[in-house]
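What would the 3D arrangement of this be:
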Amino acid sequence: MFTTDELKRIKLFSVLDETQILRLAEKAADVRLAAGDWLIREGEPPWFYILFEGRLRMVKDVLGLPKELFEYEYQVGDFFGETPILLGTQAMVSLRAATPTRVARLDRQQLQDLIRDSKEASAMILQTMNDRLMRVQKYVTSVPSSRVLILGTEYDTDCRDIRSFLSANRIPYEWVDRDREPERVPSFAPKDLGCPAVAIDGNFFDHAPSVREVADALQLQTKPNSDSYDVVIVGAGPAGMAAGVYGASEGLNVLMVERSAAGGQAGTSSRIENYLGFPEGISGEDLTGRALRQAVRFGAEIAMTRCIENLAQMDGRYCVELDGGQRVSARAVLLATGVEWRRLAVEGENRLIGRGVLYGAGRAEAVNVNGKKVFIVGGGNSAGQAAMFFSNYAAQVKVLVRGEGLKLSMSQYLIGEIASKANIEVVPFTQVAAVEGEDHLERIVTRVRAPAGAEKRITFDADALFVMIGADASTSWLPHALERDGLGYICTGRDLTNWKMERAPFPLETSLAGVFCAGDVRHNSIKRVSSGVGEGSMAIAFIHQYLALKEKVPALADA
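Next comes the predicted model:
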């Protein structure tokens, strides 16, 4: 706790009367940090700080990488944190102690009281804030807007895969369409390199890179750092990410393995408006970005662009084999792989996938549909969110549904929002029969059959077709001993019929003791983001109970 004498030695407080000084001494937090401790992290709610002892380093997330900007060489009494509080934003930078440090911490209300009650203190704070905003302006103009330059074409699938990966992982990039904007192609760019040509941090690849090569060049983790973990989580969607956060925060050594991008299908959602705690809604990208930072902060590892190819029992633990042959062992495994979009299976689909026919609706596609004719197949919430998002770019958006409308398959709030958009049309009793085009999608052929009418075919000119007609479980890689339902979804808990252990299975445990399942891939799960988050956190609680049993993992042949 600070004494009034200590506060009076501070220039900012020296202008206050005795009553104000005493009030601050009673309420200000006395924060003491060891070297290396974080005072505040970027994105957290802001506080107002006054430095009493030590030195702090400023760290800023710049294009996905933490960068140490410069060292504060403050004298005792210097303050900081007023700018995000008064602008109503989150903390703009992270601050970490370089030496043993002592600061006074005031909350938002205490800062505002200080400004209101003292003209002298107010003048000092606001002048300092103005000086800092001028430095921010200089900083913004000097920071590059992206680390990645991609030269490709709209319908090149390799180019699209890289752009989708970067977008899903919230990595800014610049994309130059070689066909539409040849004048923007840098003169030093490779002339004879196939699509896409990619430069990262100014260095061009000498070949068209794979997504994993791009991830490695960006210094994203693509390999486990250890051979052994307490828990391996397969998939980093809402369920897997929640398990990673709770597992790592509770002391477990956690590895998440994700083949594409953190967030799964939820991460591509333009806006989730019914997620608890976000009354204005939140994009899937923002939600999963926050979750990823949270998991990594607690010490969870996430190996990106990797798939699990085999799960086997070995020496009382599970052996998890990644693509490429690398193996890690785990005391417990959580399957949170999510599901894959169901294929449309119509004439012309295979030839035009990625060339106008797309599964899901990533935000990165917005630039490709600007002013165009967009069709969305499906009547669920994902389709509704996509329709709302693309309506801000496309000339027209048609939502094709097999039934008479959306009321049986979509949340009411989305139905109301869709009805308010003049360029969105819901087309009932309609299915896609074929897709047509030479190098890219040009037309879709639909089959329309109202209850009281004869079937007829209608052809529409189309620039993009986004397919969201449900999803299927992709679990064929798992051991035969792991019980699944007829559609491939994984059975758990009381739904199991071939449990072999003497004890009862835990509610999210599969037929293989120590292998758990959460999220959309689980039999009879509720397909909602919040449900996946809940199951992921519950799974960690059950894994703790399982690990406490110290029972031997049965061989898969006997399971």
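
can we go C-alpha only for contacts and neighbour counts from here?
Fine.

longest strand of the chain?
Counting by DSSP state E, the longest strand found in the chain is strand 327-335.

Which other helices and strands does that strand contact?
In terms of contacts (3 or more Cα pairs under 8 Å, 6 or more residues apart in numbering; DSSP states H and E), strand 327-335 is packed against strand 228-234, strand 317-322, strand 515-517, helix 529-549.

Tell me the buried residues in the last one?
Pointing back at helix 529-549 there. Neighbour counts over helix 529-549 (16 or more other Cα atoms under 10 Å) mark 529-540, 542-543, 546 as buried.

Report the angle between that helix and strand 228-234.
Here the directions of helix 529-549 and strand 228-234 differ by 150 degrees (axes from the mean of the first three to the mean of the last three Cα atoms, to 10 degrees).

so where's the stretch 451-559 of the chain uncertain?
For the stretch 451-559 of the chain, applying pLDDT under 70 flags the ranges 551-559.

Let me see the ranges of the strands in it.
456-461, 464-467, 471-472, 515-517 (DSSP state E, counting those that start in this stretch).

Relative to G316, which of these is closest?
Closest to G316 of those is strand 515-517 (Cα to Cα; 12.7 Å).

for that closest one, packing partners?
strand 327-335, helix 529-549.

Out of these, which is closest to G43?
helix 529-549 (21.3 Å).

any idea of the angle the closest one forms with strand 327-335?
120 degrees.

In terms of secondary structure, what does helix 529-549 contact?
helix 238-249, strand 327-335, strand 515-517.

Turn the ones you listed into CSV, including distance to L126.
Formatted as CSV, the helices and strands packed on helix 529-549 follow (distance: least, Cα to Cα, whole Å):
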stretch, distance to L126
helix 238-249, 39
strand 327-335, 52
strand 515-517, 53
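
any idea how far E258 is from the nearest residue to G354 once chain neighbours are set aside?
In this structure, G354 finds its nearest non-sequential neighbour in T157, 5.7 Å apart by Cα to Cα, 6 or more residues apart in numbering. Plainly put, T157 is 21 Å away from E258 if you go by Cα to Cα, to the nearest Å.

neighbour count winner among those two?
E258 (25 against 16; other Cα atoms under 10 Å).

What residues does the more buried one make contact with?
234-236, 302-307 (Cα atoms under 8 Å, 6 or more residues apart in numbering).

How about V427?
398-401, 405.

at 10 Å instead, please
The neighbourhood of V427, defined by Cα atoms under 10 Å, 6 or more residues apart in numbering, consists of 377, 398-406, 448.

Pick out the most distant pair among these.
L406 and V448 (16.3 Å).

need the helix or strand of this structure with the lowest average pLDDT.
Taking mean pLDDT, DSSP states H and E as the measure, strand 65-71 is the helix or strand of the chain with the lowest mean score, a mean of 57.

Can you name the next helix or strand after that strand?
Using DSSP states H and E, the helix or strand that directly follows strand 65-71 along the chain is strand 79-80.

And that next one, how far out from the chain middle?
Computed by Cα atoms, centre = their mean, to the nearest Å, the chain-centroid distance of strand 79-80 equals 32 Å.

same thing with stretch 538-547?
24 Å.

Kindly report the same for stretch 232-240.
On Cα atoms, centre = their mean, the centre of stretch 232-240 falls 12 Å from that of its chain.

that older thread, beyond the longest strand of the chain, next helix or strand please.
Counting by DSSP H and E, what follows strand 327-335 is strand 340-341.

Tell me how confident the model is about that next one, as a mean pLDDT.
Throughout strand 340-341, pLDDT has a mean value of 88.

contacts for that strand?
264-265, 359-360, 467-474, 520-521.

ok, back up a step: quick check on the contacts of V427: which are buried?
Buried among the contacts of V427 (16+ other Cα under 10 Å): 377, 398-403, 405-406, 448.

from those residues, which single one is nearest E417?
Among those, and counting by Cα to Cα, the member closest to E417 is L406, at 12.1 Å.

just checking, the closest one touches G380?
Yes. With contact defined as Cα atoms under 10 Å, L406 and G380 form a contacting pair (7.7 Å).

shared neighbours of those two, anything?
L414.

Output the contacts of strand 340-341 in CSV, with neighbour count and distance to W47 appended to each entry.
Listed next are the contacts of strand 340-341 as CSV, based on neighbours: other Cα atoms under 10 Å; distance: Cα to Cα, whole Å:
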residue, neighbour count, distance to W47
G264, 26, 34
Q265, 22, 35
Y359, 20, 44
G360, 20, 40
V467, 22, 46
M468, 24, 44
I469, 19, 47
G470, 16, 45
A471, 14, 45
D472, 16, 47
A473, 20, 46
S474, 15, 47
D520, 28, 39
V521, 27, 42
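
of all these, which comes closest to D179?
Y359 (24.2 Å).

Quick check: chain neighbours aside, which residue is closest to that closest one?
V467 (4.9 Å).

Likewise for L287?
G267 (7.5 Å).

Also R443?
Among residues not flanking R443 along the chain, D461 sits closest, at 4.4 Å (Cα to Cα, 6+ apart).

For the one you found, grab the count of nearby residues.
For D461, the tally of surrounding residues (other Cα under 10 Å) stands at 15.

and the longest helix seen in the chain, what does it pack onto?
Longest helix in the chain by number of residues, with DSSP state H as the criterion: helix 119-142. For helix 119-142, the packing partners by 3 or more Cα pairs under 10 Å, 6 or more residues apart in numbering; DSSP states H and E come out as helix 11-14, strand 79-80, helix 82-87, helix 108-117.

ok so, going back, I'd like to know which of the helices and strands packed on strand 327-335 lies nearest to A168.
That would be helix 529-549 among the helices and strands packed on strand 327-335, by Cα to Cα, at 16.5 Å.

what about that closest one, distance to the chain center?
How far helix 529-549 lies from its chain's middle: 20 Å, per Cα atoms, centre = their mean.

now do stretch 456-469
Per Cα atoms, centre = their mean, the centroid offset for stretch 456-469 relative to its chain is 29 Å.

Buried residues, that stretch. List them.
462-469.

and stretch 107-127, average pLDDT?
Stretch 107-127 comes out at a mean pLDDT of 93.

still on that earlier bit, identify, from the buried ones among the contacts of V427, the entry nearest to Q219.
Lowest distance from Q219 to the buried ones among the contacts of V427 (Cα to Cα) belongs to V377, with 37.1 Å.

wait, that closest one sits on T430?
Yes. Counting by Cα under 10 Å, T430 is a contact partner of V377 at 9.1 Å.

anything in contact with each of the two?
Going by Cα under 10 Å, 6+ apart, residues that sit against V377 and also against T430 are 399-402.

So which of those are in helices?
Per DSSP H, the shared contacts of V377 and T430 never map to helices.

N350: which of those residues is nearest?
Closest approach to N350 among the shared contacts of V377 and T430 (Cα to Cα): L400, at 20.0 Å.

Same list (the helices and strands packed on strand 327-335) but as TSV, adding distance to L51.
Below are these laid out as TSV (distance: least, Cα to Cα, whole Å):
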stretch	distance to L51
strand 228-234	41
strand 317-322	49
strand 515-517	48
helix 529-549	39
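
Out of the ones you listed, which is closest to S145?
helix 529-549 (31.3 Å).

quick one, phi/psi of F506?
phi -70, psi 150 (degrees, to the nearest 10).

Test my guess that it contacts I540.
No. Using Cα under 10 Å, F506 is not in contact with I540, being 11.3 Å away.

Now for these two: what residues contact both?
516, 546.

Next up, the contacts around the residue minimising distance to the centre of the chain.
Compute the mean C-alpha point of the chain, and by Cα atoms, centre = their mean the closest residue is T288, 2.7 Å away. By Cα under 10 Å, 6+ apart, T288 lies in contact with 168-170, 236-238, 241-242, 261-264, 266-268, 282, 294.
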